[in-house]
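*Asks:* Can you look at this prediction? I've put the sequence above it.
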Amino acid sequence: MTKPWRTYLLWFAQEHVEFRVAEIDSLLSLFNIEMRFTHKPVTEPYWIVEFASERDVQLLASRSVSLRNCLELWGHEKEVWKLHEKLKCYPRNLMDPYLQPNKSFKIEVETFCKHFTQKEKVDKIETFSYLPVQGPVDLRNPDVILQYIEYYGTVANNPPELPYDVFFGRWVASGLRQLIKKLSLKTRKFIGNTSMDPQLSLLMANQAKIKNGDIVLDPFVGSGSLLVAAAEFGGYVFGTDIDYLMLHGRTRPSRIAQKKREKDESIRANMKQYNLEHRYLDVLVNDFAMQFWREGCKFDAIVTDPPYGIREATERVGTSKENYTVSEEHLPTHIPAKIEYGISNIYKDLLSFSAKHLKVGGRVVCWFPVFRQDYNEDGLPSHPCLKLVANCEQTLTKVTARRLLTFEKLRDPTEQELNMDHKEITDFREKYFVVREETRKERRMKEARVREENRLQHIRDKV
Amino acid sequence: MKLLTHNMLTSKCMKGVSVGYPLGINASDVRVSEVDFNPDFIARMIPKLDWAVLYNAAESIGQLEDLPKDLANNYENDQEFLKKVHHVLLEVDIINGELVCPETGRKFPINNGIPNMLLNEDEV
Ligand SMILES: C[S@@+](CC[C@H](N)C(=O)[O-])C[C@H]1O[C@@H](n2cnc3c(N)ncnc32)[C@H](O)[C@@H]1O
């Protein structure tokens, strides 16, 4: 007989809400776990779901960045008295294994969006005194943690008198919120102006389904923030970037308080800082438009944040001059000229490269800038060998956003596909700059109007 | 730069180069340091390598030690062998030197462990 599925409560951090489903889906597929919803999740920070085994829940939590913690759910009601009724009827055979005399325990109270004093919390705990616990209380290091949760919604400044929902259950696992702190950019040795925050970097690594021993590439590596997350999950990492000074840690420091970069700032030094140096392979100074990876060389995952041309130029090596050559004497010190790369070419190259150099089933996870008003899924980059499996928006300003795109490689490209030209991808930047231009122009006109009014007023005052 | 990386690079993208593989190595400064051994990773890497290229590269920089010229059969379970491959792939690091295109002789400098594969605007 197969064991019955159990109900679990997954509690999420109320941050990057859009990314939740994509992350959990990726992890379920990575671990080959099945999860069923008992209620379809709406906007609340919790999901009520079922798993076939507790091990599955623990695996999921061991990699999830969005997840705060998971409870085996013993009761969920709208009203407190009903929850007590429910718990009093909860099957003893499901409860007893955790309430044995040799099992120390504690009961925690969590209240979401409403503050209570310690005294009030203790009083709440007292109301569960009917539970048939037999073991000793241990607040420090209990064998079993039972949790009572009161949910007052998500609007912090005006919580209702009574909770919307109350839950009781047994703590099973916590997610990786601590890891976000550990990898904080504030304490990282080497950062750049476009370093990705650890939470989003870790989400990207999860979207990419990176696992122990995978070979991972970031072709626009910058300060390597995405590689830190990839290596944290077991990836062996490569990076390339066109910026020599960046890879050698010689650009102007990004921290305001820092006058000069330290001598040994580098991506490798970051890996060392987090004890991940054994998973650092190499970084190369390289223009993505000119590929040096040999044919047949396959990566398990590609994670990247290509240049959007807002904070930095989209450039590649080249010249518009005809028959141009660099003279012999200038060669050693020559800095190659750059020409515009362009958003659409970057993504075209990125997807062709992924189709060619990912293993089948491997994923490429990349940010894509959009102008919100004009966003349309048909304008996204695409490739016949790659399937878009997730697409989450992070808004940046009123008018702009970036989308985290996750593609999975379905098959190797045919000879024809290797040489094909792709459909045009919308370049959102033109519009972006037009809008900025417009607002600047509007402001100038408004200022001019005010000046003119003041002038007229001044003349009127005189007469 | 590690020999694993060397095994994966070609200068084929350059004008007039037809194979561009393997790149020559001139190493002026080689560092050997201990790296955690992950036998599964090494076993998974081996089929992706060009073995002869790895062997010759290790030999050319004097780091061959006792790496066999031919791949062992059944290497997945041969810890001794995997350890040797691990050493050559991950523990040997070229800190300063250059990579050389086998067809044009174009040199790519390696500084501080980082190869510079940037071409000039007249080479693309
Ligand atoms: C948005 S940043 C990536 C930041 C990175 N995630 C980090 O942690 O710092 C984009 C990077 O792409 C690089 N880049 C721009 N054009 C490039 C090109 N043609 N080839 C390779 N890298 C390029 C830039 O130097 C920059 O470091």
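*Replies:* Structure received. Numbers count the residues shown, from 1 in each chain, chains lettered A, B, ... in the order given.
*Asks:* Model confidence for the residue nearest to B:M8 when sequence neighbours are not counted, exactly?
*Replies:* Distances taken as C-beta to C-beta, 6 or more residues apart in numbering or on different chains place A:C297 nearest to B:M8, at 4.6 Å, with adjacent residues excluded. Glycine gets a C-beta too; all of them are placed from N, C-alpha and C. A:C297 carries a pLDDT score of 95 in this model.
*Asks:* what residues are up against A:C297?
*Replies:* A:H357, B:M8, B:K48 (C-beta atoms under 8 Å, 6 or more residues apart in numbering or on different chains).
*Asks:* With A:I215 instead?
*Replies:* Contacts of A:I215 (C-beta under 8 Å, 6+ apart): A:G235, A:Y236, A:V237, A:F238, A:L281, A:K298, A:F299, A:D300, A:A301.
*Asks:* what about 10 Å?
*Replies:* A:230, A:235-238, A:281, A:297-302, A:359, A:362, B:4, B:8, B:41, B:44-45, B:48 (C-beta atoms under 10 Å, 6 or more residues apart in numbering or on different chains).
*Asks:* the helices in chain B, which residues?
*Replies:* B:3-7, B:39-45, B:51-60, B:79-86 (DSSP state H).
*Asks:* deepest of those, which one?
*Replies:* helix B:3-7 (a mean of 22; mean count of other C-beta atoms under 10 Å in any protein chain shown).
*Asks:* And it, how far out from the chain middle?
*Replies:* Its chain's C-alpha centre and that of helix B:3-7 lie 3 Å apart, by C-alpha atoms, centre = their mean, to the nearest Å.
*Asks:* same deal with stretch A:25-39?
*Replies:* The answer for stretch A:25-39 is 18 Å, by C-alpha atoms, centre = their mean.
*Asks:* Using neighbour counts, pick out the buried residues of it.
*Replies:* Neighbour counts over stretch A:25-39 (16 or more other C-beta atoms under 10 Å in any protein chain shown) mark A:D25, A:S26, A:L27, A:L30, A:F31, A:I33, A:M35 as buried.
*Asks:* do the same with stretch A:10-28
*Replies:* In stretch A:10-28, counting by 16+ other C-beta under 10 Å, buried: A:10-14, A:16, A:19-20, A:22-27.
*Asks:* Out of those residues, give me the two with the largest separation.
*Replies:* The largest separation in the buried residues of stretch A:10-28, counting by C-beta to C-beta, is between A:Q14 and A:S26 at 20.2 Å.
*Asks:* any bit of the host helix or strand of A:K348 sitting next to the ligand?
*Replies:* Using DSSP states H and E, A:K348 sits within helix A:343-357. No - on the criterion C-beta under 6 Å from any ligand atom, helix A:343-357 is out of touch with the ligand, staying 7.4 Å away.
*Asks:* Helices along chain A, start to end?
*Replies:* Listed in chain order, the helices of chain A (DSSP H) span A:20-31, A:54-63, A:80-88, A:92-95, A:118-126, A:177-182, A:198-207, A:225-232, A:244-247, A:267-273, A:343-357, A:415-418, A:428-462.
*Asks:* and the second one with helix A:198-207, angle?
*Replies:* I take that to be helix A:54-63. 130 degrees (axes from the mean of the first three to the mean of the last three C-alpha atoms, to 10 degrees).
*Asks:* Mind listing residues that contact helix A:54-63?
*Replies:* A:6, A:8, A:10, A:23-24, A:26-28, A:30-35, A:49, A:51, A:53, A:67-72, A:170, A:172-176, A:179, A:202, A:205-206, A:209-211, A:233.
*Asks:* mind listing what's buried in that helix?
*Replies:* So for helix A:54-63, counting by 16+ other C-beta under 10 Å, buried means A:D56, A:V57, A:L59, A:L60, A:A61, A:R63.
*Asks:* just to revisit the earlier point, just name the closest of the buried residues of stretch A:10-28 to A:P253, please.
*Replies:* A:H16 (28.2 Å).
*Asks:* and the closest one, what is it in contact with?
*Replies:* Per C-beta under 10 Å, 6+ apart, neighbours of A:H16: A:A22, A:E23, A:V65, A:S66, A:Q199, A:L200, A:L203, A:C392, A:Q394, A:L404.
*Asks:* Phi and psi next, for it.
*Replies:* Main-chain torsions, A:H16, degrees, to the nearest 10: phi 50, psi 50.
*Asks:* ok, so what distance separates it from chain B?
*Replies:* Going from A:H16 to chain B by C-beta to the nearest C-beta, to the nearest Å gives 31 Å.
*Asks:* and what of A:E265?
*Replies:* A:E265 is 12 Å from chain B, by C-beta to the nearest C-beta.
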